[in-house]
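J.: have a look at this fold, sequence not included:
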């Protein structure tokens, strides 16, 4: 028996040598049969080697080992503390963020991690400024970002929706339409992209009839019109053919067997003027707050939008700014690395443009792009965000290990795949609890940081409470870096006689 096994292995190796020598696709294999395969195997497991063996705690991108550890521990309600002091290089790191605590901090109420104390509602009422009949105050300053069914598995979407229901946050659908997997108790922000999935005519244009049917049939709290995203701004979206199942095909109204491309631009409007007409039409038909989501590129669009809203006749109710460093979706390397401004740069420009026209108090601002950690989340709120969205951090909470296989359809944890065998490893109910734990712990630590600064609510922390260290033993106030200080946002409905406190701007 042993001899036959040996002969079989020898024959197999011999066939592989012959194949390597005659194939013409890989020079290394033609020159180095058998041994050349080692190079490809090592390259294939390179991310795993770097992730667990080679890199330090703070080196890996997009999320470091320390960041992943914090998310995993928080989602499991385990000890998320770190021992023996910081391993960050505080004296040699440029742009290292420091929060300046108060000598007289607030005393935080204690309770379990799902205590209502940690709900932390938004400081503004979405849709109130423009009189939408279904205006509402978001119950959570931390919400789940837009990630489509199709990009994510059915099990992952269900887990996130169940988690949103457990912790009382909003669940953005992503541009892939509303699926049955969104129907597990979580309230929805329905994202409408350029493909108009869920409100689409056969020719791919916008269908108001289907739009109204979908709103009526689902727990939609707000509508978000997606202009672009951090992963591939200015390009549109793509769902590879390998990920398109019969269910996805039916929900999106697209054929199977071919890549599903969302166009780079909308067909329902073509400029700022027609965009605002479209916004007001949807708001009039539904009473819902209507907003836009975009990465920040050409500043002219934002100037035109702010100018068009300045007279108060038309306007968006909320603006979601996605940083160029964001990206739950796969995209071309050049677009992910070099198109669209990072969140801090892009958001500060848009916020300032709105504030210069005294519109900052009328719009609910949401930030996205690696903001799912307490210190950067609080900075975003101090910059003027009223809520923050978490995407990849929420994926990690339900099991993502940053394998970076999202674009292949072979996500090993069942999060970003449509492969049934891989999806079976993700139990939606147990992972829902982890998603809820993560969001709740993030809110709790945002509140703890705010109390450390002497504030009652995270939205009351100002940019002057932050400093940015450089690598020359110097630092600058964040208010100086960004050129303004956002006003504290009210946590009650604004009365007509209330004085409007606007942003304090510094000269450009």
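T.: Looks like it arrived, so ask away. Remember, predicted model here, so these are calculated numbers, not experimental data. Numbers count the residues shown, from 1 in each chain.

J.: and the most centrally placed residue in the chain, how far is that from residue 86?
T.: Centroid-nearest residue in the chain, with CA atoms, centre = their mean: residue 391, separated by 3.4 Å. From residue 391 over to residue 86 the distance is 26 Å, taken as CB to CB, to the nearest Å. Backbone N, C-alpha and C define where each C-beta goes, glycine included.

J.: how about residue 457?
T.: Taken as CB to CB, the span from residue 457 to residue 86 is 27 Å.

J.: tell me how far stretch 158-167 lies from the chain's centre.
T.: Counting by CA atoms, centre = their mean, to the nearest Å, stretch 158-167 is centred 16 Å from the centre of its parent chain.

J.: so for the helix or strand where residue 250 lies, what gets flagged as buried?
T.: Using DSSP states H and E, the element containing residue 250 is helix 246-252. For helix 246-252, the neighbour count (16 or more other CB atoms under 10 Å) marks 248, 251, 252 as buried.

J.: and for stretch 284-303?
T.: Across stretch 284-303, burial judged by 16+ other CB under 10 Å covers 286, 288-297, 301-303.

J.: in TSV: those, plus distance to residue 72 and pLDDT.
T.: Output for these, formatted as TSV (distance: CB to CB, whole Å; pLDDT from 0 to 100):
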residue	distance to residue 72	pLDDT
286	39	98
288	36	98
289	34	98
290	36	98
291	32	98
292	33	98
293	28	96
294	31	94
295	28	91
296	31	94
297	34	91
301	39	96
302	37	97
303	42	97
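
J.: among those, which ones are in helices?
T.: Among the buried residues of stretch 284-303, the residues falling in helices (DSSP state H) are 286, 301, 302, 303.

J.: let's have the residues you listed in JSON lines, adding distance to residue 403.
T.: Shown next, in JSON lines, are these (distance: CB to CB, whole Å):
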{"residue": "286", "distance to residue 403": "39"}
{"residue": "301", "distance to residue 403": "36"}
{"residue": "302", "distance to residue 403": "36"}
{"residue": "303", "distance to residue 403": "41"}
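
J.: how many other residues sit next to residue 404?
T.: 15 (other CB atoms under 10 Å).

J.: can you pull the phi/psi pair for it?
T.: phi 60, psi 40 (degrees, to the nearest 10).

J.: could you point out where the stretch 101-250 of the chain is predicted with low confidence?
T.: 109-117, 230-237 (pLDDT under 70).

J.: please repeat the previous calculation with a cut-off of 90.
T.: Low-confidence segments of the stretch 101-250 of the chain (pLDDT under 90): 106-119, 148-151, 176, 202-204, 228-250.

J.: can you give me the helices for it?
T.: 154-167, 208-217, 246-252 (DSSP state H, counting those that start in this stretch).

J.: mind giving me the packing neighbours of the second one?
T.: Put plainly, it is helix 208-217. Judged by 3 or more CB pairs under 8 Å, 6 or more residues apart in numbering; DSSP states H and E, the packing partners of helix 208-217 are strand 188-192, helix 272-286.

J.: which parts of that helix are buried?
T.: Buried-residue list, helix 208-217, by 16+ other CB under 10 Å: 211, 214, 215.

J.: contact partners for the first one?
T.: By CB atoms under 8 Å, 6 or more residues apart in numbering, the contact list for residue 211 reads 192, 198, 199, 282, 285.

J.: for the second one, which non-adjacent residue is closest in space?
T.: Put plainly, it is residue 198. Nearest residue to residue 198, sequence neighbours excluded (CB to CB, 6 or more residues apart in numbering): residue 177, at 3.5 Å.

J.: give me the number of residues near that neighbour?
T.: Neighbour count for residue 177, taken as other CB under 10 Å: 27.

J.: CSV for the helices and strands packed on helix 208-217, including distance to residue 452?
T.: Output for the helices and strands packed on helix 208-217, formatted as CSV (distance: least, CB to CB, whole Å):
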stretch, distance to residue 452
strand 188-192, 31
helix 272-286, 39
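
J.: what about residue 308, how many neighbours?
T.: Neighbour tally, residue 308, other CB under 10 Å: 16.

J.: then it would be within a strand, right?
T.: No: counting by DSSP: H, G, I helix; E, B strand; the rest coil, residue 308 falls outside a strand, being helix.

J.: ok, the nearest residue to it once chain neighbours are set aside - contacts?
T.: If the residues on either side of it in the chain are set aside, residue 308 comes closest to residue 272, at 5.2 Å by CB to CB, 6+ apart. By CB under 8 Å, 6+ apart, the contact list for residue 272 reads 301, 304, 305, 308.

J.: show me the domain layout of this structure.
T.: 2-44, 118-453 (automatic domain parsing).

J.: out of these, which comes closest to residue 70?
T.: Smallest distance to residue 70 across these (CB to CB): 7.0 Å, for domain 118-453.

J.: surely residue 14 forms part of a helix?
T.: Yes: residue state for residue 14 (three-state DSSP) corresponds to a helix.

J.: what about it, how many residues close to it?
T.: 10.

J.: what's the distance between it and residue 38?
T.: In terms of CB to CB, residue 14 sits 18 Å off from residue 38.

J.: go on, residue 227?
T.: For residue 227, the distance to residue 38 - CB to CB - is 46 Å.

J.: and for residue 256?
T.: Taken as CB to CB, the span from residue 256 to residue 38 is 38 Å.

J.: ditto for residue 138
T.: Distance, residue 138 to residue 38, by CB to CB: 53 Å.

J.: more neighbours: those two, which one.
T.: Neighbour count, other CB under 10 Å: between residue 138 and residue 38, residue 138 has more, with 26 against 11.

J.: wait, isn't the more buried one in contact with residue 171?
T.: No: Residue 138 lies out of contact with residue 171 (CB atoms under 8 Å); the separation is 11.8 Å.

J.: residue 367 should be in a strand, yeah?
T.: Yes: assessed with three-state DSSP, residue 367 lies in a strand.

J.: what is the burial count for residue 73?
T.: 17.

J.: before we move on, back to that, export the buried residues of helix 246-252 to JSON lines and tack on distance to residue 477?
T.: Formatted as JSON lines, these follow (distance: CB to CB, whole Å):
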{"residue": "248", "distance to residue 477": "48"}
{"residue": "251", "distance to residue 477": "48"}
{"residue": "252", "distance to residue 477": "47"}
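
J.: which strands and helices sit next to the longest helix along the chain?
T.: Taking DSSP H as the criterion, the chain has its longest helix at helix 428-452. Helix 428-452 sits against helix 65-75, strand 142-144, helix 154-167, helix 374-383, strand 387-390, helix 392-397, with contacts defined as 3+ CB pairs under 8 Å, 6+ apart.

J.: can you count the residues close to residue 226?
T.: 23.

J.: so who does it touch?
T.: Here residue 226 is in contact with 146, 175, 191, 192, 193, 194, 292, 293, 294 (criterion: CB under 8 Å, 6+ apart).

J.: which one of those residues sits closest to residue 447?
T.: Closest approach to residue 447 among those (CB to CB): residue 146, at 25.2 Å.

J.: and the residue nearest to residue 308, how far from residue 307?
T.: For residue 272, the distance to residue 307 (CB to CB) stands at 8 Å.

J.: swap in residue 273?
T.: Distance from residue 273 to residue 307, by CB to CB: 11 Å.

J.: now residue 447
T.: On the measure of CB to CB, residue 447 and residue 307 end up 37 Å apart.

J.: residue 171 too?
T.: With CB to CB as the criterion, residue 171 and residue 307 are 33 Å apart.

J.: out of the two, which sits in the busier spot?
T.: Neighbour totals were compared for residue 171 and residue 307, and residue 171 leads with 28 against 12 (other CB under 10 Å).

J.: give the contact list for that one.
T.: Contacts of residue 171 by CB under 8 Å, 6+ apart are 143, 144, 160, 161, 164, 182, 186, 187, 188, 189.

J.: please apply the same query to residue 194.
T.: Residues counted as contacts of residue 194 (CB under 8 Å, 6+ apart) are 175, 226, 236, 237, 262, 263, 264, 265, 266, 267.
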